[in-house]
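>>> just coords:
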């Protein structure tokens, strides 16, 4: 089943530029979708509530010191990160498409729980992107004294506005900035629910580090083709499941997952370098599902490293069963890439072919 996500978007728009007009400026569009960074504590109840984004300058007066025009839009109502879905991704793409020619870059404020899914999805949905799209958030609300939100926000804006000596964007791709590190969005995963360094890019170098200065690792940053126009995509197919292996997993669990009505793809999280049980029932179920046209992609449960299905006998048997190697892909990237490819209506063989190719810098193929 092909799923087309449509929406009726409601946004609140404001301009918070107060810089002198005689200074040369870049421009950034700030998109607040929801999440902890945009919450403020109710003085009476102590509960965290979404605040009106027009209060941003009150909580981050440092914005007035940036040599940058900053406009903002916010989802109305804001979306909790746990409620983030492809329809909201389409809203973000729609905003970027509509405003693409008017801004040097975009900063998306987002809840941390699903930020890596959103960043991965946008990396595929924004084909030929040649401007920065920086996702950031915080572990503490921006109105709290010890918030990490201010530094994340200010540095993300600086990166989104940064241009080189030829006035080209320095980081023309979808990224996540968190706790002094700029990371490729589809290489990033949330790995800590409590500390400020909540995100990590285990299998790809960071694109920049922010200290006294922002040091860009230009060798690993995507090189944009400025001759090609932005090509936004809105078709996504969510008939996907994630199957995480564990010792003692029952045949009925695997069989029930692979028998889900309408299922078109599965991301299977395996052990180590892509290994799974050698039990006959397990390999048989995988092979039968693959023969029915279900695309099964093998990613490792390990934070770092890559799937090498030809390394051990167990991996070889899975490869023979029709399983596709996910290389060093994150689960978030594999899931959203499958949504993107299936949304285009590609058949199983075409999807399998594209899953083992890097289309947005999401995997490393040795």
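Now that the structure is in, tell me what you want to look at. Remember, it's a predicted structure, so these values are computed and weren't measured experimentally.

>>> where do the domain boundaries of the chain fall?
Annotated domains of the chain cover 11-232, 240-355 [automatic domain parsing].

>>> isn't there a strand covering residue 339?
No: the assignment for residue 339, made by DSSP: H, G, I helix; E, B strand; the rest coil, is helix rather than a strand.

>>> contacting residues around it?
By CB atoms under 8 Å, 6 or more residues apart in numbering, residue 339 lies in contact with 86, 121, 236, 237, 238, 240. C-beta coordinates here come from the backbone N, C-alpha and C atoms, glycine included.

>>> rank the domains of the chain by pLDDT, which is bottom?
Mean pLDDT is lowest for domain 11-232 out of these, coming in at a mean of 85.

>>> hang on, the earlier thing: now intersect the contacts of residue 339 with the strands, please.
Mapping the contacts of residue 339 onto strands (DSSP state E) picks out residue 240.

>>> so the residue nearest the centre of the chain, which state does it fall into?
The centre of the chain sits closest to residue 119, judged by CA atoms, centre = their mean, with a distance of 1.7 Å. What three-state DSSP gives for residue 119 is helix.

>>> of all the contacts of residue 339, which comes closest to residue 194?
When the contacts of residue 339 are compared for distance to residue 194 (CB to CB), residue 121 wins out at 25.6 Å.

>>> nearest residue to the closest one in space, please, no chain neighbours.
Closest residue in space to residue 121, ignoring its immediate chain neighbours: residue 336 at 4.1 Å, by CB to CB, 6 or more residues apart in numbering.

>>> residue 304 and residue 189, how far apart?
For residue 304, the distance to residue 189 (CB to CB, to the nearest Å) stands at 10 Å.

>>> please enumerate the shared neighbours of those two.
Residues within reach of residue 304 and of residue 189 at once, by CB under 8 Å, 6+ apart, are residue 202.

>>> neighbour count winner among those two?
Using other CB atoms under 10 Å as the criterion, residue 304 and residue 189 rank with residue 189 on top: 21 against 10.

>>> tell me the contacts of the more buried one?
Counting by CB under 8 Å, 6+ apart, residue 189 touches 116, 199, 200, 201, 202, 303, 330, 331, 332.

>>> okay, now the fourth one: neighbour count?
As a burial measure, the neighbour count of residue 201 was computed by other CB under 10 Å and equals 23.

>>> let me know whether it touches residue 186 as I believe.
No: contact criterion CB atoms under 8 Å: residue 201 and residue 186 do not qualify, at 9.6 Å.

>>> tell me where this structure has helices.
Counting by DSSP state H, the chain has helices at residues 56-59, 86-99, 115-125, 149-161, 251-258, 280-291, 313-320, 331-343, 348-355.

>>> count the residues that sit near the closest residue to residue 115 other than its chain neighbours.
Closest residue in space to residue 115, ignoring its immediate chain neighbours: residue 135 at 5.6 Å, by CB to CB, 6+ apart. Residue 135 has 28 neighbouring residues, counting by other CB under 10 Å.

>>> what's near enough to touch residue 135?
Contact partners of residue 135, counting by CB under 8 Å, 6+ apart, are 107-110, 115, 118-119, 122, 174-177, 185.

>>> any chance of the residues you listed in CSV, plus distance to residue 154?
Listed next are the contacts of residue 135 as CSV, based on distance: CB to CB, whole Å:
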residue, distance to residue 154
107, 10
108, 15
109, 12
110, 16
115, 18
118, 21
119, 19
122, 22
174, 20
175, 15
176, 16
177, 10
185, 19
